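1. Return a 3D structure for these sequence lines:
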Amino acid sequence: MCANRRGGRARWPPWSLTIAGVAGLWLGGAAGCSRNDQVTGGGGGGPVLLTMFWAGRHQSDGHAVVWSADTAADLARVVTPSPFEFELVFDRRLDGDKIEDTVVQGGVAYTVPKAMPPVTVTWDGMPAGLGPLTVAYNSLALPDAPSESTYVFGRADTGYPSATALTFHLDAAMLTGTDNRPMLGPDAIAVTTAPFSMQILGPAGTDGGATPAVPADFRFPLAFNSQPAKSDAVTPYISLSIDGAPAAFGLVTADQDATTLYVSPPRLGQTWPAGAQIALSVKAGLPDVFGVPLGAGADATFVIAGTRADGGTDAGAGAPD
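-> Take a look at the predicted model:
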């Protein structure tokens, strides 16, 4: 029988879930034993914190080291405001029962994050009622960490405010070895998030200087490095024109990634007029979900694929209603 049934884990559920909702989901089942499940750790002290990683939501955000026990390590000074998760790597197993609760459903044991996690975060001006981070434990090593290590991982569903100094607080009374010795490492780690930024994405393979040609049903992606505010707060900062005339548009979000908005035709089933030139503009000042303003806007021009047979009118998206 495994000494610790917390084996490999699935990645996090979709970002559209609330913090409370994620905390109620099962994060792993009865996984098989591995060599790391049997590690007891050596020496006379508790588990040593080796590294804190900041794992970006997008591949371009990377997997940055924001704290390390190695004083010569190259640390990231500024990180994306909306990481996929943070990861605290320890040199040996922790007592997982202090980080997660074990519940039984249908005769099967599962682990779920504790309502009061061992890692919390604060920042100046932090809104009340955000709820705790969702924090869990894995007794297996990360691919880029020492083979005998384990890690604690977590995230906030809305990410963190842009251009803000964050402080992560580590509770040594909950982060202990299996012999109840508290972790060895700092009780707080400081991280600074990047300013709120965005870019208007074109289709893949577009030449650098060419105006992108897109299909009539194309939805223009606005990619932010942090979660933007709700559509009613964002819409006044976005404008769109078709062949030079102001036109209506819709904003669509995706459950898989709340940091990207899509500018679409204003009504379901509509398309952009064939052969038209679309000019899209996003102004500075657009707020993120915490109210931090966008530092710089962006503009882009696109051409809708196809040729209009009527010389300039179309049944697609048009002027504002």
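2. And S281, how far from G291?
-> 22 Å (Cβ to Cβ, to the nearest Å). The C-beta positions use only the backbone N, C-alpha and C, and glycine is treated the same way.
3. now swap in K98 and tell me
-> In terms of Cβ to Cβ, K98 sits 35 Å off from G291.
4. contacting residues around L49?
-> W67, A69, L88, V89, F90, L170, M183, L184, G185, P186 (Cβ atoms under 8 Å, 6 or more residues apart in numbering).
5. can you give me the strands in the stretch 101-250 of the chain?
-> Counting by DSSP state E, counting those that start in this stretch, the stretch 101-250 of the chain has these strands, from start to end: 108-113, 119-122, 134-138, 150-155, 165-170, 188-192, 198-200, 213-214, 220-224, 238-242, 245-246, 250-254.
6. Just put these in a markdown table and tack on mean pLDDT.
-> Below are these laid out as a markdown table (pLDDT from 0 to 100):
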| stretch | mean pLDDT |
| --- | --- |
| strand 108-113 | 92 |
| strand 119-122 | 96 |
| strand 134-138 | 96 |
| strand 150-155 | 95 |
| strand 165-170 | 97 |
| strand 188-192 | 96 |
| strand 198-200 | 94 |
| strand 213-214 | 92 |
| strand 220-224 | 95 |
| strand 238-242 | 97 |
| strand 245-246 | 97 |
| strand 250-254 | 90 |
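7. Reformat those strands into CSV and put distance to A276 and mean neighbour count next to each item.
-> What follows is the strands of the stretch 101-250 of the chain, written out as CSV (distance: least, Cβ to Cβ, whole Å; neighbours: other Cβ atoms under 10 Å):
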stretch, distance to A276, mean neighbour count
strand 108-113, 50, 18
strand 119-122, 46, 17
strand 134-138, 45, 26
strand 150-155, 41, 24
strand 165-170, 44, 17
strand 188-192, 43, 16
strand 198-200, 17, 18
strand 213-214, 11, 16
strand 220-224, 13, 21
strand 238-242, 5, 18
strand 245-246, 10, 11
strand 250-254, 17, 16
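8. Would you convert those strands into JSON lines that also reports distance to P265?
-> Output for these, formatted as JSON lines (distance: least, Cβ to Cβ, whole Å):
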{"stretch": "strand 108-113", "distance to P265": "41"}
{"stretch": "strand 119-122", "distance to P265": "40"}
{"stretch": "strand 134-138", "distance to P265": "36"}
{"stretch": "strand 150-155", "distance to P265": "34"}
{"stretch": "strand 165-170", "distance to P265": "39"}
{"stretch": "strand 188-192", "distance to P265": "39"}
{"stretch": "strand 198-200", "distance to P265": "17"}
{"stretch": "strand 213-214", "distance to P265": "12"}
{"stretch": "strand 220-224", "distance to P265": "11"}
{"stretch": "strand 238-242", "distance to P265": "10"}
{"stretch": "strand 245-246", "distance to P265": "14"}
{"stretch": "strand 250-254", "distance to P265": "6"}
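9. Ok, which of these comes nearest V79?
-> Nearest to V79, of all the strands of the stretch 101-250 of the chain, is strand 188-192, at 6.0 Å by Cβ to Cβ.
10. Show me the contact partners of that closest one.
-> With contact meaning Cβ under 8 Å, 6+ apart, strand 188-192 is reached by 52, 54, 66-67, 77-79, 164-170.
11. tilt between that strand and strand 165-170?
-> 150 degrees (axes from the mean of the first three to the mean of the last three Cα atoms, to 10 degrees).
12. Neighbouring strands - and their directions - for strand 188-192?
-> strand 165-170 (antiparallel) (DSSP bridges).
13. The partner strand: how far from the chain's middle?
-> 17 Å (Cα atoms, centre = their mean, to the nearest Å).
14. C-alpha coordinates for stretch 162-173, PDB please?
-> The C-alpha coordinates for stretch 162-173 follow below in PDB (Å, rounded to 0.1, in the frame of the first residue of the first chain):
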ATOM      1  CA  SER A 162      -1.000  44.400 -12.500                       C
ATOM      2  CA  ALA A 163       2.000  46.600 -11.500                       C
ATOM      3  CA  THR A 164       1.600  45.500  -7.900                       C
ATOM      4  CA  ALA A 165       3.900  44.200  -5.200                       C
ATOM      5  CA  LEU A 166       2.600  40.900  -3.800                       C
ATOM      6  CA  THR A 167       3.600  39.100  -0.600                       C
ATOM      7  CA  PHE A 168       3.100  35.300  -0.300                       C
ATOM      8  CA  HIS A 169       3.000  34.100   3.300                       C
ATOM      9  CA  LEU A 170       4.000  30.600   4.100                       C
ATOM     10  CA  ASP A 171       2.700  28.900   7.200                       C
ATOM     11  CA  ALA A 172       5.500  26.700   8.600                       C
ATOM     12  CA  ALA A 173       3.100  25.000  11.000                       C
END
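15. chain center to that stretch, what's the gap?
-> Averaged C-alpha coordinates place stretch 162-173 at 17 Å from its chain's average position (Cα atoms, centre = their mean).
16. Contacts for that stretch next, please.
-> Contacts for stretch 162-173 (Cβ under 8 Å, 6+ apart): 46, 49, 52, 81, 86, 88, 118-124, 160, 182-183, 185-197, 225-226, 288, 290, 292.
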